[in-house]
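> I'll drop the sequence and a predicted model, then ask my questions.
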Amino acid sequence: MIVILDFGSQYSELIARRIRETQVYSEVLSYRTTAKQLRQLNPKGIIFSGGPSSVYDENAPQCDPEIWEMGIPIMGVCYGMQVMVQQLGGEVSRASRGEYGKASLYIDDPTDLLTNVEDGTTMWMSHGDSVTQMPAGFELLAHTENTPCAAIASHDKKLYGVQFHPEVVHSLGGFALIRNFVYHICDCEPIWTTEAFVEESIREIRARVGSKRVLLALSGGVDSSTLAFLLHKAIGDQLTCMFIDQGFMRKLEPERLVKLFKEEFHIPVEYVNARDRFINSLTGVTDPEEKRRIIGHQFIRVFEEESRRLGPFDYLAQGTLYPDVIESADTNVDLQTGERVAVKIKSHHNVGGLPKDLRFKLVEPLRKLFKDEVRKVGRNIGLPEEIVNRHPFPGPGLAIRILGEVTAEKLNILRDADLIVRQEINQNGLYHDCWQAFAVLLPVKSVGVMGDQRTYAYPIVLRIVTSEDGMTADWARVPYDVLEVISNRIVNEVKGVNRVVYDITSKPPGTIEWE
Ligand code: XMP
């Protein structure tokens, strides 16, 4: 394992992912992690991430000085390198000008860390401070035009520092450098594979759960579906999958999901039809946050009743992923033990409000994985592509895509329009090019003309976006011909709609969903 000590960089997760791409397991921990804690983890290498501070700032983050004496290879990246230099007696200065963006890396020592990294390759820089004097025992590995010490090493102690960011894609020689560090300097073996993860997870689940019963709230997304597959493989009938149909799913989706699980995967699903209850609870409600709150509250109530009816259960399976764990790594040390009390059901609603007798122990087999790794696991254990690559779909579903009050009539209109959007995006080969593609129903009416008749009906908004992670997004440049077909089909085939508009707002300032 390689440990990444996080000094507050936006790239710490990315470093972890790059390491894992070499099939070596990596974890991100706080820079406050002590040498003693690290010893228990027994990593084969440590990477110090970058960070927004200057080593001269008051309270600038520093590492436990004992870490330098551990004899484990360490590579400092950007701020991580500057901390290394400062703590070991070298000098860091504010450069007369910072260096941001691409820089050519000129190699002074083509061995060791820079083996097979091309002289003059592009590396990506983002720093104000620079190393002006290396600590004793360090040698220069590479420089750039503006940065005399761009890569340094103390070969004896296996300490390395790079001013650039080898983890970002713009750093063309970055992956070769990371591989050198992982394989040659830290002597890691490429054993973090999907197959190994599946095998080990199954063993761990069996050991943890024993003969006890586990409840899983299935949503149909890739996380909960992968979880269901993995658990079913591990403990068979001890697993109960519960699917709560709140009535806000897309057309034919609940039926398809239950059929897939029961008939094709042979995993039994408890289908809970709570449609009336959810829609009735939204009568007269128009405020978006109020809608979300009511839906969340209803979900907890149904979940509570149904788990009592089907239970008792000892464990609740949750699709917690690694990014959720990293966010709290700084404050919640108990995360390592796995003995946490349920606080939320991922991608659905917070069930922290459950009564005491319904507090489950958690089983979270995906908590070591990034989203793309979950997809690989899903594929490996037999999930079909339609689930593995499914676009994100919000927990409150179509209820937050009908602006204003949600009614059965509007749900039907939106379902039909949404189906057309999905069909056309699929048929035109655009599904994988976009993050999400859906329809939104506005609670206003406008005048149109069809045949010789005046119409007065709802508009549908098309929301089709590209995004890396849902945090920022851009509207997709869908070809006009495709937009034309979608618009024609919706207006002609969906009763109650006479106009289609395309949302050309990015996020920010817009959000992806309309509520
Ligand atoms: P926004 O609208 O905030 O959405 O730009 C960002 C991403 O999150 C999804 N989303 C949700 N997912 N429960 C979820 O599981 C929710 O309540 C929820 N609200 C928004 C949205 O679809 C987009 O991918």
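That came through fine.
> what are the phi and psi angles of the closest residue to Lys262 other than its chain neighbours?
Nearest residue to Lys262 in three dimensions, chain neighbours excluded: Val269, at 6.0 Å (CB to CB, 6 or more residues apart in numbering). For glycine as for every other residue, the C-beta is placed from the backbone atoms N, C-alpha and C. Per-residue torsions, Val269: phi -130, psi 130 (degrees, to the nearest 10).
> can you tell me which residues contact Val269?
218, 241-243, 257-258, 261-262 (CB atoms under 8 Å, 6 or more residues apart in numbering).
> Of the residues you listed, which pair is most distant in space?
Met242 and Lys262 (13.5 Å; CB to CB).
> hang on, the earlier thing: quick one: which of the contacts of Val269 sit in helices?
Among those, DSSP state H puts 257-258 in helices.
> start to end distance for stretch 60-79?
Across stretch 60-79, the terminal residues are separated by 10 Å (CA to CA, to the nearest Å).
> ok now that stretch, how far from the chain's centre?
28 Å (CA atoms, centre = their mean, to the nearest Å).
> related to what we said a few turns ago, quickly list what the residue nearest to Lys262 is bridged to.
Taking DSSP bridges as the rule, Val269 bridges to Cys241.
> pLDDT at it, what is it?
On pLDDT, Val269 comes in at 97.
> which residue does the stretch 1-150 of the chain bring closest to the ligand?
Nearest residue of the stretch 1-150 of the chain to the ligand: Glu13, at 17.7 Å (CB to the nearest ligand atom).
> cool, the stretch 51-200 of the chain as well?
For the stretch 51-200 of the chain, CB to the nearest ligand atom, closest residue to the ligand: Val169, 22.7 Å.
> Lys291: neighbouring residues, count only.
A count of neighbours around Lys291, defined by other CB atoms under 10 Å, yields 22.
> Verify the contact between Val85 and Ala136 for me.
No. Taking contacts as CB atoms under 8 Å, Val85 lies outside contact range of Ala136: 11.1 Å.
> Which of those two has more residues huddled nearby?
Val85 (26 against 9).
> quick one: the more buried one from His297, how far?
From Val85 over to His297 the distance is 54 Å, taken as CB to CB, to the nearest Å.
> for Gly76, same thing?
Going from Gly76 to His297 by CB to CB gives 48 Å.
> likewise Tyr456?
On the measure of CB to CB, Tyr456 and His297 end up 36 Å apart.
> When these two are compared, which one has more neighbours?
When neighbours are counted by other CB under 10 Å, Tyr456 and His297 differ, and His297 comes out ahead with 14 against 9.
> ok but the more buried one is inside a strand, no?
No. Counting by DSSP: H, G, I helix; E, B strand; the rest coil, His297 is not part of a strand but helix.
> What score does it have for pLDDT?
Looking at His297, its pLDDT reads 90.
> now it: how far from the ligand?
Going from His297 to the ligand by CB to the nearest ligand atom, to the nearest Å gives 13 Å.
> That residue: what's it in contact with?
Contacts of His297 (CB under 8 Å, 6+ apart): none.
> The one 5 residues further on now?
Neighbour list for Val302: 244, 246, 272, 274, 277 [criterion: CB under 8 Å, 6+ apart].
> List only buried entries from those residues.
By neighbour count, with 16 or more other CB atoms under 10 Å, these hold 244, 246, 272, 274 as buried.
> Next, give me the two most distant ones among those residues.
Gln246 and Val272 (9.2 Å).
> how close does Leu321 sit to Glu263?
Leu321 sits 29 Å away from Glu263, going by CB to CB.
> Flag every residue of the protein that's near the ligand.
Counting by CB under 6 Å from any ligand atom, the residues of the chain close to the ligand are 347, 392, 394-396, 436, 470, 507, 511-513.
> Extract the residue ranges of the chain that are flagged as low pLDDT.
The model of the chain has pLDDT under 70 over residues 327-358.
> Identify the single longest strand in it, thanks.
When the chain is parsed with DSSP state E, its longest strand is strand 91-107.
> Restricting to C-alpha, output it in CSV.
In CSV, the C-alpha atoms belonging to strand 91-107 read as follows (Å, rounded to 0.1, in the frame of the first residue of the first chain):
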residue,chain,number,x,y,z
GLU,A,91,15.5,26.5,1.8
VAL,A,92,12.2,27.5,0.2
SER,A,93,11.8,31.0,-1.1
ARG,A,94,9.0,33.0,-2.6
ALA,A,95,9.8,33.0,-6.2
SER,A,96,10.0,36.4,-8.1
ARG,A,97,7.2,34.9,-10.3
GLY,A,98,5.1,31.9,-9.8
GLU,A,99,4.9,29.2,-12.4
TYR,A,100,1.4,28.0,-13.5
GLY,A,101,0.6,25.7,-16.3
LYS,A,102,2.7,23.6,-18.6
ALA,A,103,6.5,23.6,-18.3
SER,A,104,9.2,21.6,-20.1
LEU,A,105,11.2,19.4,-17.7
TYR,A,106,14.9,19.1,-18.4
ILE,A,107,16.4,16.0,-16.9
